[in-house]
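**Q** Just a sequence and a predicted model for now, questions to come.
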Amino acid sequence: MKSLFKSTSKILVATALVVSMGATSLLAETKDKFQVAWTIYVGWMPWDYAQSQGIVDKWAKKYGIKIELVQVNDYIESINQYTAGKFDGCVMTNMDALTIPAAGGVDSTALIMGDFSNGNDGIILKNKKRLADIKGQNINLVELSVSHYLLARALESVKLSEKDVKVVNTSDADIVAAFSSPGVSAVTTWNPQLSELTALKNATLVFDSSKIPGEIIDMLVVNTKTIKENPKLGKALTGAWFEVMALMKKGDKKALEFMAAASGTNLAGYKKQLNSTKMFYDAKDALKFANSKELPNTMKKVSQFSYEHGILGEGAPNAEFIGMQFPSAQTFGDTKNIKLRFIDTYVKMAAEGKL
């Protein structure tokens, strides 16, 4: 199911983004109806539950607005549609937020950082036991995705670089089959494919995202101008999210079984994925993460990787081309070109019981 979840687009259609400027500006005005796109992934299933159980409607009604959560089967397409102005918000990773809407000129805000990968992404070697054994091998992965980023970070940890390996672009839908072929000896992928591969006798997990905690973040991103002019949207979405988080924290079986079935697995399978996902069930924990000194450092690394791989935007002269702003008022990059903002405004309200 995750074949569309954590890949990033190498090419953006420039003309579509030019048109998006006008479309986005039309959305950015005081209004009472909003649409938010989401896709299937362990950390985003709470949105499906919140929508189906009327939790989103309840919070929207509290603030006198209407919110429709729209499932989009193609993850990258959902972000492209958000970038073009079709949606007011969209779920995406921190890397994709930087390299698609922000790189496309759409000022976006990370409203909720709901979790980070804490073992959901990993590197597997065939008939080898150490990460250092990866040198000289072909690595099958979804090129320019968070898998590619994970590989780069892993190589750094053993004083290697991408020059020491060869990346072979492979759809994650084909990654399991590819590993079974004689010519493939190393892959980087995510769950559920990761779990399927680690169960094989000749496969060894040599590195996973728990080694770089907090760097692969799953977020709800909204158009900056829209959220500034419509704070009720931020309050309603944040309130709905943490209501579901409270249910998950106490192990509500009904909620978890719903999310498991909706994501194509059973309760045990979903819990296993949750075990390798650092969910912020408490608003106070999400607030602490948003204000951590590690967040700006992480985004600096992501920006450098994106620049080096040509996905920071056409003509980007350096890794600081796109400006980013953090809750502490700290910035990274060009302050005259801030296109990605991390805020704690609404999560703080949730933590203080003020929603």
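**A** Here it is on my side, so go on.
**Q** Which residue ranges of the stretch 101-250 of the chain form strands?
**A** In the stretch 101-250 of the chain, the strands defined using DSSP state E, counting those that start in this stretch lie at 108-117, 121-126, 138-141, 166-169, 186-190, 203-208, 217-223.
**Q** Which among the ones you listed is found nearest to G234?
**A** Taking CB to CB, strand 108-117 is the member of those nearest to G234, at 5.8 Å. For glycine as for every other residue, the C-beta is placed from the backbone atoms N, C-alpha and C.
**Q** rewinding a little: which of the strands of the stretch 101-250 of the chain is buried the deepest?
**A** Highest mean neighbour count of the strands of the stretch 101-250 of the chain: strand 186-190, a mean of 28 (counted as mean count of other CB atoms under 10 Å).
**Q** helices or strands next to it in the packing?
**A** On a contact count with 3 or more CB pairs under 8 Å, 6 or more residues apart in numbering; DSSP states H and E, strand 186-190 meets strand 121-126, strand 138-141, helix 146-157, helix 175-180.
**Q** Give the closest residue to N140 in space, chain neighbours not counted.
**A** Among residues not flanking N140 along the chain, T170 sits closest, at 4.1 Å (CB to CB, 6 or more residues apart in numbering).
**Q** err, H148, not the other one
**A** In space, and not counting its chain neighbours, H148 is closest to L141: 5.9 Å by CB to CB, 6+ apart.
**Q** now swap in I217 and tell me
**A** The shortest distance from I217 to any non-neighbouring residue, by CB to CB, 6+ apart, is to N94 (4.2 Å).
**Q** That neighbour and V221 touch, don't they?
**A** No. Between N94 and V221 there is no contact under CB atoms under 8 Å: 9.2 Å.
**Q** What number of residues are in the vicinity of K354?
**A** 9 (other CB atoms under 10 Å).
**Q** Distance check, it against M113.
**A** Taking CB to CB, to the nearest Å as the measure, K354 and M113 are separated by 19 Å.
**Q** which residues does I124 contact?
**A** Contact analysis of I124 by CB atoms under 8 Å, 6 or more residues apart in numbering lists F179, A186, V187, T188, T189, L194, L197, T198, A203, T204, L205, V206.
**Q** mind running it again at 10 Å?
**A** By CB atoms under 10 Å, 6 or more residues apart in numbering, the contact list for I124 reads 139-140, 175, 179, 185-189, 193-194, 197-198, 200, 202-208.
**Q** same deal with F280?
**A** Neighbouring residues of F280 by CB under 10 Å, 6+ apart: 43, 112-116, 241-242, 245, 286-290, 347.
**Q** was I right about P192 contacting A173?
**A** No. P192 is beyond contact range of A173, at 11.7 Å (criterion: CB atoms under 10 Å).
**Q** Which one's more surrounded, the two?
**A** Legend: neighbour count by other CB under 10 Å for P192 and A173, higher for P192 (19 against 13).
**Q** Show me this protein divided up by domain.
**A** 2-116+216-351, 121-211 (automatic domain parsing).
**Q** Mean pLDDT added to those, as CSV?
**A** Formatted as CSV, the domains of the chain follow (pLDDT from 0 to 100):
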stretch, mean pLDDT
domain 2-116+216-351, 90
domain 121-211, 94
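**Q** Quick one: residues contacting the residue nearest the centre of the chain.
**A** Among the residues of the chain, the one closest to the centroid is T93, at 1.7 Å (CA atoms, centre = their mean). By CB under 10 Å, 6+ apart, the residues touching T93 are 5-8, 41, 43, 75, 79, 99-100, 116-117, 145-146, 149, 216-219, 221, 302.
**Q** Put the alpha carbons of stretch 332-348 into PDB.
**A** In PDB, the C-alpha atoms belonging to stretch 332-348 read as follows (Å, rounded to 0.1, in the frame of the first residue of the first chain):
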ATOM      1  CA  PHE A 332      17.300  28.900   8.100                       C
ATOM      2  CA  GLY A 333      18.000  30.000   4.500                       C
ATOM      3  CA  ASP A 334      16.900  33.100   2.700                       C
ATOM      4  CA  THR A 335      14.700  35.200   5.000                       C
ATOM      5  CA  LYS A 336      13.300  37.000   1.900                       C
ATOM      6  CA  ASN A 337      12.100  33.700   0.500                       C
ATOM      7  CA  ILE A 338      10.500  31.900   3.500                       C
ATOM      8  CA  LYS A 339       8.200  29.200   2.000                       C
ATOM      9  CA  LEU A 340       8.100  26.700   4.800                       C
ATOM     10  CA  ARG A 341       7.000  27.500   8.400                       C
ATOM     11  CA  PHE A 342       6.900  25.300  11.500                       C
ATOM     12  CA  ILE A 343       4.500  26.600  14.100                       C
ATOM     13  CA  ASP A 344       3.400  25.600  17.600                       C
ATOM     14  CA  THR A 345       0.500  28.000  17.900                       C
ATOM     15  CA  TYR A 346      -2.400  25.500  17.800                       C
ATOM     16  CA  VAL A 347      -0.500  22.600  19.400                       C
ATOM     17  CA  LYS A 348       0.300  24.900  22.300                       C
END
